[in-house]
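Q: my questions concern the predicted model and sequence given below.
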Amino acid sequence: MTITPSSVFIYICGILAIGGAVGAVSARNPIRGAMGLLVLILSIAVLFLSLHAEFLAFIQLIVYAGAIIVLFLFVMMLLGPSANPPSDNRAIISRIIGASVFFAAGGGALFVMVRATRKAIVVPPASSDFGGVNSFGQALFQDAVVPFELSSALLMVAVIGAIAVAKGKQPERPVAVISSTPSIKDASQPAE
Amino acid sequence: MDIPLEHYIVLSAVLFTIGGVGFLSRRNVLFSLLSIEVLLNAVNLSLVAFNRMRPQNHTGHIFTFFIIAAEAAEVAVGLAIVLALYRLKRTVRIDEADLLRN
């Protein structure tokens, strides 16, 4: 392969994606985590563009960066300082074991993958319309029109469910029961 | 196309591993949701990269499109559940949600 400015830019975007993912999962403050996710999403959109997926790149920008990140930020700001509870070491052993087992599995998969792809995959040339709105829309509405309609139903159900879950119950009786639970915990903690 | 396709796949595997480790090791439910986003982005990248090998059809792109739609639904419901959990327990720690224990 030859090194061109565009390939250097794409590799930089790949490194930015890894950095954003590390920031998203390891930040202390959830707002910083959301910003890391934003970096990841923007870099993935650039990678989509380099893979001839223009329509998906724009969908990625509009849906993820425009809607999902904003939704995350809304919820974090609603929660305020309690979105970042102080950390302690409860269940740390099981967490470390789970994370290291997953890390080992991922590393093993990566090793196998790198060994299996010694010879370069031949990428056939794509037509200039590949991944554009025209051909993608034709493929979507010819092959997958039923799942497309079902996904609209899924989004509708999700919106209604989100409103119903987030609104919660309003009467006083459950509130009294709920508010008694943390106060018992608060009272018992200084005694320990 | 001057970037080998396997580099995209390796990047996708690295991102998936980072997201999985984050999902298993964080206790803040907001970070769990962020890790799920990282996981699904890694999967989307690999699907689009594999579709680049077969430019005759758009199956990977269509899958990615539906994953993005399902993920928008998942985030909406997930964040609503976070708010309900916060209203119930006054915390966003994932292991405080133990009403079904015992």
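A: All right, it came through fine.
Q: what about B:E71, which SS state?
A: helix (DSSP: H, G, I helix; E, B strand; the rest coil).
Q: what's it in contact with, if anything?
A: A:68, B:37, B:40 (Cβ atoms under 8 Å, 6 or more residues apart in numbering or on different chains). Every C-beta, even on glycine, is put in place using the N, C-alpha and C of the backbone.
Q: isn't the second one right up against A:A65?
A: In this case it means B:E37. No: contact status for B:E37 versus A:A65: not in contact, 11.5 Å apart, counting by Cβ atoms under 8 Å.
Q: distance of B:N41 relative to chain A?
A: Note on B:N41: its distance to chain A, by Cβ to the nearest Cβ, to the nearest Å, is 5 Å.
Q: what's the helix or strand for the nearest residue to that residue once chain neighbours are set aside?
A: In this structure, B:N41 finds its nearest non-sequential neighbour in A:I44, 5.3 Å apart by Cβ to Cβ, 6 or more residues apart in numbering or on different chains. Here A:I44 sits within helix A:30-50, counting by DSSP states H and E.
Q: and the helix or strand following that helix, which residues are buried?
A: Once the chain leaves helix A:30-50, the next helix or strand it forms, by DSSP H and E, is helix A:54-59. For helix A:54-59, burial by neighbour count (16 or more other Cβ atoms under 10 Å in any protein chain shown) applies to A:54-57, A:59.
Q: what does stretch B:41-55 give?
A: Per 16+ other Cβ under 10 Å, stretch B:41-55 contains these buried residues: B:41-52, B:55.
Q: which one of these is nearest to chain A?
A: B:P55 (3.8 Å; Cβ to the nearest Cβ).
Q: tell me who's in contact with that closest one.
A: Taking Cβ under 8 Å, 6+ apart, we find B:P55 in contact with A:52, A:124-127, A:130.
Q: tell me where the chain has helices.
A: Unless you meant another one, I'm taking chain A. For chain A, helices defined by DSSP state H occupy the ranges A:5-26, A:30-50, A:54-59, A:69-79, A:92-116, A:133-143, A:145-167, A:172-191.
Q: oops, I was thinking of chain B
A: Going by DSSP H, chain B shows helices at B:5-25, B:29-53, B:59-89.
Q: mind putting those helices in CSV, distance to A:L38 and mean pLDDT included?
A: What follows is the helices of chain B, written out as CSV (distance: least, Cβ to Cβ, whole Å; pLDDT from 0 to 100):
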stretch, distance to A:L38, mean pLDDT
helix B:5-25, 15, 91
helix B:29-53, 10, 93
helix B:59-89, 14, 92
